[in-house]
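Chemist: Any chance you can model this:
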Amino acid sequence: MNDIPDAVLFACNMNAVRSAMAESILKYLHGHRVYVDSAGVRQGDPDHFAIEVMEEIGIDLSRHKPKMLDDLEDTSYDLIVTLSPEAQHHAIEMTRTMAAEVEFWPTLDPSFITGNRDRRLGAYRQIRDQLLERIKERFPVTHAVDI
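Modeler: Numbers count the residues shown, from 1 in each chain. A predicted model of the protein is given here:
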């Protein structure tokens, strides 16, 4: 289970929060050792709360451009990690024509949290931290990383 694949795709609904965070965390932890990408079922827009909470841990998400699964040019992934039921369904459909494992990591979409700025940022931080821990567990780091 803990073999690190050569190519990983993270997928969620709009590729603005969860899958974008996961992609940037795995890239930060493993650099070019793993090819990492992310996409959404539908087109999303950059999310400023996601950018802010990733900056807090030293990861720049400001240049991330959300894209859709249907727009992927390369589908040679060893593993697709889905973070929403909708993305899971889409990934299963994709594996009819490609050989990739699919793992479902149900992850709350923090953009649905309402309230003041601090409450909303707290929800984003919680998801960021959950993804960070899950990624460290699934893709163990064997070199020094300051996160």
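
Chemist: Could you list the residues in contact with the helix or strand containing residue 126?
Modeler: Assigned by DSSP states H and E, residue 126 belongs to helix 117-138. Outside helix 117-138, the residues that touch it by Cβ atoms under 8 Å, 6 or more residues apart in numbering are 1-2, 17-18, 21-22, 25-26, 29, 49-50, 52-54, 56-57, 81, 103, 105, 107-108, 110, 113-114, 147. The C-beta positions use only the backbone N, C-alpha and C, and glycine is treated the same way.

Chemist: Buried members of those into ChimeraX, please.
Modeler: Paste this into ChimeraX to select the buried members of the contacts of helix 117-138, with burial taken from 16 or more other Cβ atoms under 10 Å:
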select :17,18,21,22,25,26,29,49,50,53,54,57,81,105,107,110,113
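
Chemist: Walking through the protein, point out its helices one by one.
Modeler: Ranges of helices in the chain, per DSSP state H, are 18-30, 48-55, 85-94, 117-138.

Chemist: Out of the ones you listed, which is the most enclosed?
Modeler: helix 18-30 (a mean of 25; mean count of other Cβ atoms under 10 Å).

Chemist: could the helices of the chain go into JSON lines alongside distance to residue 39?
Modeler: Output for the helices of the chain, formatted as JSON lines (distance: least, Cβ to Cβ, whole Å):
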{"stretch": "helix 18-30", "distance to residue 39": "7"}
{"stretch": "helix 48-55", "distance to residue 39": "15"}
{"stretch": "helix 85-94", "distance to residue 39": "9"}
{"stretch": "helix 117-138", "distance to residue 39": "16"}
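
Chemist: For those helices, give me TSV that also has mean pLDDT.
Modeler: Below are the helices of the chain laid out as TSV (pLDDT from 0 to 100):
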stretch	mean pLDDT
helix 18-30	97
helix 48-55	98
helix 85-94	95
helix 117-138	97
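
Chemist: Which among those helices is found nearest to residue 69?
Modeler: helix 85-94 (5.6 Å; Cβ to Cβ).

Chemist: which helices and strands does the closest one pack with?
Modeler: Other elements packing on helix 85-94 under the criterion 3 or more Cβ pairs under 8 Å, 6 or more residues apart in numbering; DSSP states H and E are strand 7-12, strand 79-82, strand 101-104.
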